[in-house]
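1. Next comes the sequence, and after it the predicted model I'd like to discuss.
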Amino acid sequence: MPLVTSKNMLADAQRGQYAVGAFNVENMEMVKAVIAAAEELKAPVMLQTTASTVKYGTLETYFAMVRAEAEKASVPVCLHLDHGNSFELAVRAIKAGYTSVMMDGSQEDFEGNVAVTKRVADVANALQIPIEAELGKVGGKEDDLEAEADTNTDPEEARIFVERTGVTSLAVAIGTAHGFYAGTPVLDKERVSQIRSKVSVPLVLHGGSGLSDEDVKDCIARGMCKVNFATELRAAYTGAVKKLLEEEPGTIDPKKLGQVGMEAVKQLVKDRIKVCGCNGKANEGKRAE
């Protein structure tokens, strides 16, 4: 089916108290793997590319790949710009055909974040493209953005931010981090409940790679409607390729490398879809937008 926006996906997830899995993809093989996993489990799914990924492959290339695979699938597929780092990039993504965008102004102070996010939201909302923003600072590193310290989201600031910007979903900081965790993360899950009591738009959990299934499920029960997974997909893909080369060092056909990488990513994505609870929810996302 054609690419869809995240509007109905996240609204349905919010009502049904589950989350949509959002998976960062780097190449054709990962695109195929994520959509195949969603197809097998009849789940709505979001595929994401960051600023560095589209710099590597271009917005147009990733849009073409995802659209081609989505049109062969029976489940709703959304293409999302993850951690858009400028007004210009967000608008370019919309023009290229992306059906959801994120403007990450969390490196700015509160007023700066409001200003740049509202500028993107005004354009996106006029074109009926959902827009995600981030308030607070999720730790770790995403692309070239690195948080020096974790600053969890203030619930009242979240309410004001959503009202002033017009965003349609909000990524909040509760102690998660991008990349793999050096130790066991300590999440302020009660803060999710507090933010949810003040904010009506769907909430987004960044830094899903490496979290326990129990933590993810608890966050979803408290109001998270979208969960991002990136680092562990890269690790699964690369690990499978390394294993093949160790076992068969004479392998030179890139297709063989891609096949094992795809299978590893597909199995991981299936596991994460089940944790998010969106398996079997594909039909809910097929409503007219």
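-> Received the coordinates, thanks. Numbering: from 1, shown residues only.
2. And the pLDDT at the nearest residue to residue 264 once chain neighbours are set aside?
-> Closest residue to residue 264 apart from its sequence neighbours, by CB to CB, 6 or more residues apart in numbering: residue 240 at 3.8 Å. C-beta here means a position set from N, CA and C on the backbone, and glycine is covered the same way. Residue 240 is assigned a pLDDT of 98 by the prediction.
3. Tell me, how many residues neighbour residue 240?
-> 21 (other CB atoms under 10 Å).
4. swap in residue 58?
-> 14.
5. those helices in the protein, which residues are they?
-> Per DSSP state H, the chain carries helices over the ranges 7-16, 28-41, 51-57, 59-70, 87-96, 110-126, 155-165, 189-198, 213-222, 231-247, 254-276.
6. hmm, back to that, thought the residue nearest to residue 264 was touching residue 263?
-> Yes: using CB atoms under 8 Å, residue 240 is in contact with residue 263, at 6.9 Å.
7. Determine which of the helices of the chain approaches residue 282 most closely.
-> Nearest of the helices of the chain to residue 282, taken as CB to CB: helix 28-41 at 7.6 Å.
8. so what's the residue nearest to residue 119 when sequence neighbours are not counted up against?
-> Excluding the flanking residues, the one nearest residue 119 by CB to CB, 6+ apart is residue 87, at 5.3 Å. Shown in contact with residue 87 (CB atoms under 8 Å, 6 or more residues apart in numbering): 103, 116, 119-120.
9. how about a cut-off of 7 Å?
-> Counting by CB atoms under 7 Å, 6 or more residues apart in numbering, residue 87 makes contact with 116, 119-120.
10. now do residue 174
-> Residues in contact with residue 174 (CB under 7 Å, 6+ apart) are 152, 187-189, 191-192.
11. Count the neighbours of residue 112 for me.
-> By other CB under 10 Å, 12 other residues sit near residue 112.
12. Low-confidence stretches in the stretch 1-150 of the chain?
-> Counting by pLDDT under 70, the stretch 1-150 of the chain shows low-confidence ranges at 137-150.
13. on that earlier part again, in CSV, list the contacts of residue 174 along with distance to residue 199 and neighbour count.
-> Below are those laid out as CSV (distance: CB to CB, whole Å; neighbours: other CB atoms under 10 Å):
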residue, distance to residue 199, neighbour count
152, 14, 19
187, 18, 20
188, 16, 15
189, 16, 15
191, 12, 20
192, 10, 23
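14. Out of these, which comes closest to residue 27?
-> Distance to residue 27 across those (CB to CB) is lowest for residue 187, with 31.2 Å.
15. Kind regards, and thank you for your time.
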